[in-house]
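Predicted model, plus sequence, below.
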Amino acid sequence: MEKIAIGIDLGGTTIKFAFVTEEGRIIAHWAVLTPIHNNGRSIIPTIIDSIQEKLIEESLSSEQVSAIGMGSPGSVNREKGTVTGAYNLGWVDTVQIKEEIERALNIPFALDNDANVAALGEQWMGAGQNEPDVVFLTLGTGVGGGVIIGGELVHGFLDTAGEIGHMKVEEGGFSCTCGQKGCLETVASATGIVNVARKEAPHYLESSALAKAILEEKVITAKYVFESARSQDPLAEHVLKKVGNYLGTACANIANILNPSTIVLGGGVSRAGDFLLSFVVPHFERNAFPTIAKHTAIKIATLENDAGVLGAASLAFESAEIKK
C-alpha cells in the first residue's frame, strides 16, 4: 500500500491541499476559500472537513496517510503546533492547530512557517533539484526566505532564521513594516520596486514614459516596471539595475556565509524570469567570494503555486521519518 502525505498551504485567500507520494508525485490537488470571517474560527474545521471529504472521494483511508504537513503565516510554534498573530487569517490569539487536527483525523500533524515550507518544496521537487544546501527567497509583497543546510531547515534560536527580507542593504532608506529602515524588502519586493521607481522618477521626467505615469499618479506595479524596462524605458532600466544591485549583493552575502549550491528566487517578482536574473547575477558574481561566485547557481523557482503543498508534504514525510 503506497503511503501518502497531505500537504496544506494556508493562505489568506485560499487553502491549498494535495495528496503527495513519497516520490513527490501529486495524486490529488484542490483548494477552498479561506473563511477568515469570525476571527478565523472556521478555518480549522474547514480544513478537517475538506480532508475528510477528499479521502472519501479518492477512496483513501487515514491509515494510508503517513502525516499531514502545513505551512502557515504568523508566528509558528513548531513543537506545540500553534500559530499566533496571523492577522491576515483573523487569528490574533494563539490557535491550537495540531491538537485540533490530530484529534479529528487521528493522523500525525507537522507545522512550519509558510516561507520555510515553500523553501522545502523548491528544494525537494523544484529548482533546488533535491540538493541538500539551498536558500529560497520569495519576492512578493515583502521578501521572505527559507534556509536549508544539510537537508534540514535552519530555524535558529527563536525560530526566526531566514528573515532575509530584513537584511540591511541601504543606510537610512525606506521605512519597513518591521520598524527599521533600509531593509531588502523595501527595495526588492514588488512593493519595493515601486518605491525605487517613485523615488527616482523626478530625474527622468524628460525621457521616461514610466516617470510621466508616476508624475500623473497612475497606478504603478512591479510588473509594469519590468514591462517598461523590456521596452527600454530609461527609468525602468535604471530602477532594475538598482534593484538587481541590492538583490545580487544580498545573495552574495548569503552565499558567502552559508555556501548553498543554489539560491532560488520565487514569488510574484520572479515571474520576470531570466530578465530578472540578468539584473541580479552580475552583481552576485561581482560581490561573492570568487570560488562561490563560480559554483553557486541563482535560479528562478519552478513550482509556483505547488511549492507550498509539496513542501508541506515533505515536512510531513520528514516528521513521520519516512521521507526518502
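Thanks, I have the structure now.

From here on, just use CA atoms for contacts and neighbour counts.
Fine.

what stretches of the stretch 101-250 of the chain score poorly on pLDDT?
Low-confidence segments of the stretch 101-250 of the chain (pLDDT under 70): none present.

Could you pull out the strands in it for me?
109-113, 134-139, 143-149, 152-153 (DSSP state E, counting those that start in this stretch).

Residue 251 is nearest to which of the ones you listed?
Among the strands of the stretch 101-250 of the chain, strand 134-139 comes nearest to residue 251, with 9.2 Å by Cα to Cα.

Could you name the helices and strands sitting against the closest one?
Identification of packing neighbours for strand 134-139 by 3 or more Cα pairs under 8 Å, 6 or more residues apart in numbering; DSSP states H and E yields helix 114-125, strand 143-149, strand 262-266.

my guess is residue 116 meets residue 146, correct?
Yes - under the criterion of Cα atoms under 8 Å, residue 116 makes contact with residue 146 at 4.5 Å.

which neighbours do these two share?
Common contact partners of residue 116 and residue 146 (Cα atoms under 8 Å, 6 or more residues apart in numbering): 153, 162.

Check which residues of the biggest helix by length in the chain are buried.
Longest helix in the chain by number of residues (criterion: DSSP state H): helix 234-258. For helix 234-258, burial by neighbour count (16 or more other Cα atoms under 10 Å) applies to 234-256.

Other residues contacting it?
So helix 234-258 is contacted by 149, 167, 169, 184, 187-188, 193, 196-197, 200-201, 204, 207-208, 210-211, 225-226, 228-229, 263, 276, 279-285, 287-289, 292-293, 296 (Cα under 8 Å, 6+ apart).

What is the helix or strand containing residue 310 packed up against?
For residue 310, the host element (DSSP states H and E) is helix 307-319. Other elements packing on helix 307-319 under the criterion 3+ Cα pairs under 8 Å, 6+ apart are strand 4-10, strand 14-21, strand 65-72, strand 109-113, helix 114-125.

could I get the ones you listed as CSV with mean neighbour count?
Output for those, formatted as CSV (neighbours: other Cα atoms under 10 Å):
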stretch, mean neighbour count
strand 4-10, 28
strand 14-21, 23
strand 65-72, 27
strand 109-113, 25
helix 114-125, 28
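
any chance of these in CSV, plus distance to residue 34?
What follows is the helices and strands packed on helix 307-319, written out as CSV (distance: least, Cα to Cα, whole Å):
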stretch, distance to residue 34
strand 4-10, 8
strand 14-21, 5
strand 65-72, 12
strand 109-113, 17
helix 114-125, 15
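
Just the buried ones from the contacts of helix 234-258?
By neighbour count, with 16+ other Cα under 10 Å, the contacts of helix 234-258 hold 149, 167, 169, 184, 187-188, 193, 196-197, 200-201, 204, 208, 210-211, 225-226, 228-229, 263, 276, 279-281, 283-285, 287-289, 292-293, 296 as buried.

Mind checking which of those land in helices?
Reading helices off these with DSSP H, I get 187-188, 193, 196-197, 200, 210-211, 225-226, 228-229, 276, 279-281, 283-285, 287, 292-293.

Relative to residue 201, how far out is residue 28?
Distance from residue 28 to residue 201, counting by Cα to Cα, to the nearest Å: 48 Å.

what does the helix holding residue 310 contact?
So helix 307-319 is in contact with 5-9, 16-20, 22, 24, 66-71, 109-111, 114, 117-122, 124-126, 323, going by Cα under 8 Å, 6+ apart.

between it and strand 262-266, how many degrees?
130 degrees (axes from the mean of the first three to the mean of the last three Cα atoms, to 10 degrees).

Give me the contacts around stretch 202-216.
The contact list for stretch 202-216 (Cα under 8 Å, 6+ apart) reads 197-198, 201, 220, 225, 228, 233-236.

Tabulate these (JSON lines), appending distance to residue 137.
Formatted as JSON lines, the contacts of stretch 202-216 follow (distance: Cα to Cα, whole Å):
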{"residue": "197", "distance to residue 137": "22"}
{"residue": "198", "distance to residue 137": "24"}
{"residue": "201", "distance to residue 137": "27"}
{"residue": "220", "distance to residue 137": "23"}
{"residue": "225", "distance to residue 137": "20"}
{"residue": "228", "distance to residue 137": "24"}
{"residue": "233", "distance to residue 137": "27"}
{"residue": "234", "distance to residue 137": "27"}
{"residue": "235", "distance to residue 137": "25"}
{"residue": "236", "distance to residue 137": "23"}
